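**Student:** A predicted structure for the sequence below; I have some questions about it.
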Amino acid sequence: MSNPVRAVVWLAVAAVGAVSVATIGFHRGEQINAMWLVVAAVCSYALGYRFYSRFIAAKVLALDSLRATPAERLENGRDFVRTNKWVVFGHHFAAIAGPGPLVGPVLAAQFGYLPGTLWILAGAVFGGCVQDFVILLFSTRRDGKSLTEMAKDEVGRVGGLVAYVAVVSIIVVLLGVCALIVVNALKASAWGTFTIAMTIPIALLMGVYVRRLRPGKVLESSILGFVLVLLAIWGGQWVSQTPSVGEYFTLTAPTLAILIIVYGFAASALPVWLLLAPRDYLSTFVKLGTIALLALGIVALRPTLHMPALTRFIDGTGPVFAGNVFPFAFITIACGAVSGFHSLIASGTTPKLISRETETRMVGYGAMLAESMVAILATIAACVLQPGTYFAINSPAGIVGQAPESAAGVISGWGFPVTAPDMHALAQAVGEQTLFNRTGGAPAFAVGMAHIFSHSIGGQALMAIWYHFAIMFEALFILTVLDAGTRVGRFMVQDALGHVWKPLGRTSWYPSILATSALMVAAWGYFLWQGVKDPLGGINSLWPLFGIANQSLATVALCVGTTIIIKMGRARYAAVTLTPLIWLVAVTFTASYHKVFDPNPRVGFLAHAQQLAGGAPAAATARLIFNDRLDAAVTGILIVMIGVIVVESALGWARVLSGRAEARVREAPFVATRFAAEEQG
Amino acid sequence: MMAASVFSRFVGRVLDIVRATLGEIFEESAYARFLQRQGLESSREAYARFLRENELSRGRRARCC
């Protein structure tokens, strides 16, 4: 394409994108079509990738296609393997795409579709993608070092320690919240519980199949596993309609919580091949297929968004979680906009597969754009629901009451009409007893997804199957995060304890495996239990805590990125990481302040504890007060750590910029690629 | 005719990439490299050795939220 033609094409993309964003931003009082969000996203991503990531690649990071990557220099056919860029892209996307970009946007939809959509677009293009790209490149230049190692080497010992504690903290909070979402999705649902329970023997069967019957045929076993999961969904309907069987799978939230805690411990202590790996394969298989299906469904159906652009709850009185649109929309949606957790993946397996340095742009920046698109799809799935239905599903009993009539009355009183008979009919259509008070985001997403799918394929007759397919898909996702996360956390704890007493650091020593697995499971299990027992549904307290932890990790990653950019002598371009860093510091500090000190008991942990302390004394109340204070302490610790790393980084930048310290980056020495001819050709 | 041939080459290339990506995600490629590196034929024992070799790095692989 010649230059003028190319310029015209990009101008057209920019114009279409601008019109779409303006339509999303300025339409009030009438419903808009979901395709405006899709088009705005596609145009923003195309422009961000073509221009912004190219600028970062050329000017800020100075990617060098002639520099050998660790996959070339250290190639061992095992961890370090030169891999096709599209393959690395798919591999990286599969690792970063989890339940977060699905659940966060659904919860944030209580503010309307506008705040979440704008944050997802701007946050990804200017923040999340930049973070993933920069960390991937810097890890690639350091032989695949992890974020914590880079923080220690480049920022300082304190930075390394803070990064380590932040990683362990986020894993603990994340797993607690994820488990809570599964519990809320499965409680009193025989169909859902049966389907998810069946995925455990299916995963075990896959493990045995691939090890004993058809060694190494993982894809084949995943297809088999997927077929069995579909049969389990189909069988779940029979279970839910057969009271004598269904009663065994109709479980309360505390019972489900205990089962998930036991499962997490088993998954961490059992050999990887038996449960974790096959489950991961199955989850990835379902994940990639379902996301593609959802995208096709939305494009085919082109649904109307019933949720308004902004709701009254931007003032902080929302039933899903309390807090103003700033800062809470920005910590509620982490994955999909900026997710610190991605920096662990970008400094984990992916840098060891990169063939050429220039490919980090497509893999790091590009895969995050794809994840951001998933968040847009989730926003659409939530906003195609009638707002009354959305709030009926997502509002906890502590806010709207347990009785369907009273809950419907409260929600209608907010200006979002809904009736108990309508909700009952919807519950019947999806094969559930009730859809009131199903907090956590997963059931609302599943209803939205079932709505889109059933209007595309199968009509109302398949609504229940699609709903349970969506629930299975989310729970499978989440349980994979749970077992992988518990194991990763266990290894991190073992690494730390190994400094205290060597045998504890041996990852094959069973007493250490059991002790550290129990420690990790107890830590996230406590948060889960706290959420299950919380009269406000748990999400109100725990999801913001998770958001703060995740954005804190992003702050660490952006501190590392900015430090390295300044040390590279490119301080004039440091704004590319410094700007999202300043934004995240503002967001996390403000959110943390509100979560700890806000006088509104629905927002501030301490105010809530004080309110409870003023009531009638009881054992349950004492525990709730303790939980509030614990959450306040965890938030406080996170924010102090972030303060420490930001200050340490800023002092380091000042020393380098004033010439008081040597600007020396600790990257692997330059080695010319053996494939230079191929590059130049 | 020419366009059809270009299109079929393109589709073939896309399918190759999808197959390779699935192979990498599902670690079939890693197993094939292991067999080549060790000079082994695929068998239960070889796969068990491959799993043992990968146990540690596999277990440390985080899955994002």
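**Tutor:** Cool, the structure landed.
**Student:** Quick check: residue A:223 vs residue A:2, distance?
**Tutor:** Counting by Cβ to Cβ, to the nearest Å, the gap between residue A:223 and residue A:2 amounts to 46 Å. For glycine as for every other residue, the C-beta is placed from the backbone atoms N, C-alpha and C.
**Student:** which regions of the chain sit below the pLDDT cut-off?
**Tutor:** Since you didn't name a chain, this refers to chain A. A:678-681 (pLDDT under 70).
**Student:** meant chain B actually
**Tutor:** Judged by pLDDT under 70, chain B has its weakly predicted residues at B:1.
**Student:** Skip ahead from the longest helix seen in it and say which helix or strand is next.
**Tutor:** If each helix of chain B is counted by residues according to DSSP state H, the longest one is helix B:2-25. Toward the C-terminal end, the helix or strand that comes next after helix B:2-25 (DSSP states H and E) is helix B:28-38.
**Student:** Can you dump the C-alpha atoms of that following helix in CSV for me?
**Tutor:** In CSV, the C-alpha atoms belonging to helix B:28-38 read as follows (Å, rounded to 0.1, in the frame of the first residue of the first chain):
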residue,chain,number,x,y,z
GLU,B,28,2.7,-31.8,22.6
SER,B,29,5.5,-29.9,20.9
ALA,B,30,7.5,-29.8,24.2
TYR,B,31,7.1,-33.6,24.4
ALA,B,32,8.2,-34.0,20.7
ARG,B,33,11.3,-31.9,21.5
PHE,B,34,12.0,-34.0,24.5
LEU,B,35,11.8,-37.2,22.5
GLN,B,36,14.1,-35.8,19.9
ARG,B,37,16.5,-34.5,22.5
GLN,B,38,16.7,-37.8,24.3
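**Student:** Next, the buried residues of the following helix or strand past it.
**Tutor:** Taking DSSP H and E as the definition, the helix or strand that follows helix B:28-38 towards the C-terminus is helix B:44-59. Judged by neighbour count (16 or more other Cβ atoms under 10 Å in any protein chain shown), helix B:44-59 contains these buried residues: B:46, B:47, B:50, B:51, B:54, B:55, B:58, B:59.
**Student:** residues contacting the first one?
**Tutor:** Spelled out, that is residue B:46. Residue B:46 sits next to A:215, B:34, B:35, B:38, B:40 when contact means Cβ atoms under 8 Å, 6 or more residues apart in numbering or on different chains.
**Student:** Of the residues you listed, grab the buried ones for ChimeraX.
**Tutor:** Provided next is the ChimeraX selection string for whichever of the contacts of residue B:46 are buried by 16+ other Cβ under 10 Å:
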select /A:215 /B:34,35
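**Student:** got CSV for the contacts of residue B:46, with distance to residue A:90 too?
**Tutor:** As requested, the contacts of residue B:46 are exported to CSV (distance: Cβ to Cβ, whole Å):
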residue, distance to residue A:90
A:215, 24
B:34, 21
B:35, 23
B:38, 26
B:40, 27
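**Student:** Among the contacts of residue B:46, which pair sits farthest apart?
**Tutor:** A:215 and B:38 (13.6 Å; Cβ to Cβ).
**Student:** So residue A:549 versus residue A:596, what's the distance?
**Tutor:** Summarising the geometry, the distance separating residue A:549 from residue A:596, computed by Cβ to Cβ, is 14 Å.
**Student:** and if you look at residue A:197?
**Tutor:** 39 Å.
**Student:** Check residue A:478 too.
**Tutor:** Applying Cβ to Cβ, one obtains 28 Å for the distance of residue A:478 from residue A:596.
**Student:** which one of these two has more residues nearby?
**Tutor:** For residue A:478 against residue A:596, the residue with the higher neighbour count under other Cβ atoms under 10 Å in any protein chain shown is residue A:478, and the figures read 29 against 20.
**Student:** ok and the helix or strand hosting the more buried one relative to helix B:44-59, angle-wise?
**Tutor:** Taking DSSP H and E as the definition, residue A:478 sits inside helix A:463-500. Put simply, helix A:463-500 runs at 80 degrees to helix B:44-59, going by axes from the mean of the first three to the mean of the last three Cα atoms, to 10 degrees.
**Student:** How about helix A:463-500 and chain B, any contact?
**Tutor:** Yes. Taking Cβ under 8 Å from any Cβ of the partner chain as the criterion, helix A:463-500 and chain B are in contact, through A:480, A:481, A:484, A:485, A:487, A:488, A:491.
**Student:** Neighbours of the fifth one, how many?
**Tutor:** Meaning residue A:487. By other Cβ under 10 Å, the residues close to residue A:487 number 28.
**Student:** ditto for the one 10 residues further on
**Tutor:** The tally of other residues near residue A:497 (other Cβ under 10 Å) stands at 17.
**Student:** can you pull the contacts of it?
**Tutor:** By Cβ under 8 Å, 6+ apart, the residues touching residue A:497 are A:504, A:505, A:512, A:516.
**Student:** Swap in 7 Å and give it another go.
**Tutor:** Counting by Cβ atoms under 7 Å, 6 or more residues apart in numbering or on different chains, residue A:497 makes contact with A:504, A:505, A:516.
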